[in-house]
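Participant: Okay, sequence plus prediction incoming.
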Amino acid sequence: MPNFVFVHGKLKLMKLEKYSFGIGDRFGQQGNAQLSAVMEAAARGIEIVPVWNKSNREHQNIHSSPADTRREADEAVKKLQWKQHYYVDADHINLDTVDPFLKHSNFFTLDVAGFLGREVPDAEMQKFLEIASGYTGQLQIPGISEPFQVSGEALKEIVRNFLGAVREAASIYQYITSTKEAGRFVAEISMDEVENPQTPTELFFILLMINHFDIPVQTIAPKFTGRFNKGVDYVGDVVQFRKEFEEDLLVIDHAVRSFGLPENLKLSVHSGSDKFTIYPIMGELVRKHNKGIHVKTAGTTWLEEVIGLALSGNEALQMAKTIYARAYQRREELCAPYATVIDIDPDALPEPASVRQWNGEKFANTLRHVPDHPDYHPGFRQLIHVGYKVAAEMGDAFIDMVRKHHEVVGEQVKTNLYERHIRLLFGI
Ligand SMILES: [Zn+2]
């Protein structure tokens, strides 16, 4: 039986646990390895629930379907006898893409990044402005020493930027509830895939809008300050990040208390894998304020598969090299959809001809994210990260190879998730 959370004293929701990890993986092969990392954490007293997430874009690139993700999750849970809850996340969906997920998912990430700045009928805008204008001037959030200064003009700007997007989230939410009872899924709102980070002040008003449109979200994924590049460490002002992350937590706490949003509402960190510099900060702050956190780490699991192949030698190592060589040839095409979340210096990439001379260890050490290892190469890693399309085009040849070497591969996946992610974040 799921736990429940009440909203406004009545609407009962399936309650997402305090700590959750977005695990999923491109090719749907690593459910057991990922779940075993979560179980390792449970054995050390840190309870995390797994969320198998996969976006529509990934499904299209891999030619997989939401039913496959559901199957992967169910099979792993059964095989390893996981007794706690688990979720299957329709990641980054909107009204155009949600349909195929409805039957298989119990977690929906309503992505409204594409709706920022969307116009709203004037009467609706005025109605919200009336409510929100009560918070202009000095906005004091308990726990934050300096009040936020919100002028009438600044408020209008925030409303122009975000009201249309939150209104869209409401439409998606209502659409989902037309087929699924509200008590049978968890909703997240994401607006991380945008140009500018949202400030804690903006987050406050976004939450007010979410409440206004009556969307009982349990996690929210803003864009944080700094760069969250795929598969590599955080790049940005760590002091500023700490300050804003803590303010975000306090804003959420305040919004929960004063608006009546779900009590377990928490931050969701997208592109959350490999952010080694800020894990200890996030971990410390959520513990300090007794808040939950959701971290999406799914995308890099496939890199561990490539590392596992490289370490398996012979034809598996050859395949890893071929994947790199093809990704190298098609760099521009593969990088284009990820322009805002990768940073590759093409001149610094090793030539495929020299990579062909490498042994498995050298290849693995170049790819594996151990920042102080002399062979580690962030450009090489990011290129292979976006190169999963190349492996997808190999079809069964790739999947069969991963399955053949599942022991070595699975060990990489588990170690990566547990040792480099969970332990750092939760300080165990
Ligand atoms: Zn995202």
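Facilitator: Right, received. Where do you want to start? Numbering: from 1, shown residues only.
Participant: So N53 lies in a helix, does it not?
Facilitator: No - according to DSSP: H, G, I helix; E, B strand; the rest coil, N53 belongs to no helix; its state is strand.
Participant: pLDDT at it, what is it?
Facilitator: Per-residue pLDDT puts N53 at 93.
Participant: who touches the closest residue to it other than its chain neighbours in this structure?
Facilitator: Distance criterion CB to CB, 6 or more residues apart in numbering; nearest residue to N53, sequence neighbours excluded, is D89 at 3.5 Å. No exception for glycine: its C-beta is placed from N, CA and C like everyone else's. Contact analysis of D89 by CB atoms under 8 Å, 6 or more residues apart in numbering lists G22, G24, V51, W52, N53, K54, S105, F107, F108, T109, E188.
Participant: at 7 Å what do you get?
Facilitator: Residues near D89 by CB atoms under 7 Å, 6 or more residues apart in numbering: G22, V51, W52, N53, S105, F107, T109.
Participant: Among these, which one lies nearest to the ion?
Facilitator: T109 (7.3 Å; CB to the ion).
Participant: Can you tell me the closest non-neighbouring residue to I342?
Facilitator: Q382 (4.9 Å).
Participant: does that neighbour belong to a helix or a strand, and which?
Facilitator: Secondary structure assignment for Q382, by DSSP states H and E: helix 378-386.
Participant: counting contacts, what elements does that helix pack onto?
Facilitator: Counting contacts by 3 or more CB pairs under 7 Å, 6 or more residues apart in numbering; DSSP states H and E, helix 378-386 is packed against helix 301-311, helix 314-329, helix 331-335, helix 360-367.
Participant: about what we covered before: what's the ChimeraX syntax to select whichever of the contacts of D89 are buried?
Facilitator: Here is the ChimeraX selection string for the buried members of the contacts of D89, based on 16 or more other CB atoms under 10 Å:
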select :22,51,52,53,105,107,109
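Participant: which stretches of this structure form strands?
Facilitator: 4-7, 11-14, 19-22, 49-55, 87-93, 107-111, 137-139, 148-150, 186-190, 219-221, 266-269, 293-296 (DSSP state E).
Participant: quick one: contacts for the residue in the chain positioned nearest to the ion?
Facilitator: Here the chain gets closest to the ion at one residue, H270, 3.1 Å apart by CB to the ion. By CB under 7 Å, 6+ apart, the contact list for H270 reads S190, D192, A221, K296.
Participant: Verify the stated contact: the last one with G24.
Facilitator: No - taking contact to mean CB atoms under 7 Å, the distance of 8.4 Å between K296 and G24 leaves them out of contact.
Participant: Give me the common contacts of these two.
Facilitator: Joint contacts of K296 and G24 (CB under 7 Å, 6+ apart) are N53.
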